[in-house]
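> okay, here's the prediction I keep looking at, along with the sequence it came from:
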Amino acid sequence: MVSTTSLTSNYCSSISQAKNLFATQKGLVVIQKNKRCWITTSFTVPSDFYVLVASRGIDLDYIDKRGRSHVVWPPGLHFPYPHWVGVSYLVTKQSTVLTVPVESCKTKDNFSVNVNVALTFRIMGDPDLGEDSVLVRKFVNNFMLHGLEIRLRESQEELIRTLTMSLSHSEIHGIRNNTQTGLLKTDQKNN
């Protein structure tokens, strides 16, 4: 799990380059394969990612031995396929921690405080965990990472500002120092 202050996507030309990008770029959630066409009859799906495959720009589902269709392709070497079939997107399976600073929040006793929130999330779509793999395709096709980040930031800012307005500055500092942990649990039950 890597902590970041922003979510990003990127392009790459190979699976090995994608693995390197995910390892070195904080906040990287999605990689799209470059449009370059490589003449090959096979492609590899790494195990640490949700992988979507396309044929000439059209999403292609994986059909398993039982004839069931899956949006996310399983790890391993896939062949023989014509050169226009290949990996189109890689989406991280790991959890991402987005740090959201909320500044100048007014407390009940009219003090200004800064609050840092760490949101942990992951893209759901792992069939091995009983999740619907169609969610990965919906995430790639319908969500823009920048829009997702803005929505996450705005919702957290609203929640934090509402919370700080109901507490005194000493209660907030107590939460920060873990001396008021029961306060948050009590407030969550009442809402």
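Yep, that arrived.

> in this structure, what spans have low per-residue confidence?
Applying pLDDT under 70 to the chain flags the ranges 1-2, 35-39, 177-191.

> contacts for the one helix or strand Gly147 maps to, please.
Secondary-structure element containing Gly147, defined by DSSP states H and E: helix 145-165. Residues lying outside helix 145-165 but in contact with it, judged by CB atoms under 8 Å, 6 or more residues apart in numbering, are 6-9, 29-30, 98, 100, 102, 105-108, 113, 115, 117, 119, 121, 172, 187. The C-beta positions use only the backbone N, C-alpha and C, and glycine is treated the same way.

> please redo it, this time with the cut-off set to 6 Å
Under the criterion CB atoms under 6 Å, 6 or more residues apart in numbering, residues 7, 9, 29, 100, 102, 105, 107, 115, 117 lie in contact with helix 145-165.

> can you pull the contacts of Val87?
Going by CB under 6 Å, 6+ apart, Val87 touches 33, 43, 51, 53.

> neighbour-wise, which of these leads?
When neighbours are counted by other CB atoms under 10 Å, Val51 leads those with 25 neighbours.

> wait, that one sits on Trp73?
Yes. Using CB atoms under 6 Å, Val51 is in contact with Trp73, at 4.8 Å.

> show me the helices in the protein, by range?
15-24, 134-142, 145-165, 169-176, 181-190 (DSSP state H).

> what's the closest of these to Thr92?
Taking CB to CB as the measure, those were each checked against Thr92, and helix 15-24 came out nearest at 6.1 Å.

> how near is His83 to Lys33?
His83 sits 13 Å away from Lys33, going by CB to CB, to the nearest Å.

> kindly apply the preceding question to Glu103 instead.
39 Å.

> repeat for Lys138
Shown here: Lys138 relative to Lys33, a distance of 19 Å by CB to CB.

> what residues of the helix holding Gly147 count as buried?
By neighbour count, and taking 16 or more other CB atoms under 10 Å as the criterion, the buried residues in helix 145-165 are 145, 149, 152-153, 156-157, 160, 163-164.

> angle of it against helix 134-142?
100 degrees (axes from the mean of the first three to the mean of the last three CA atoms, to 10 degrees).

> grab the nearest non-local neighbour of the residue lying farthest from the centre of the chain.
In the chain, the residue that sits farthest from the middle, by CA atoms, centre = their mean, is Asp109; the gap is 37.0 Å. Of all residues beyond its chain neighbours, the one nearest Asp109 is Ser168 (4.6 Å), with distances taken as CB to CB, 6 or more residues apart in numbering.
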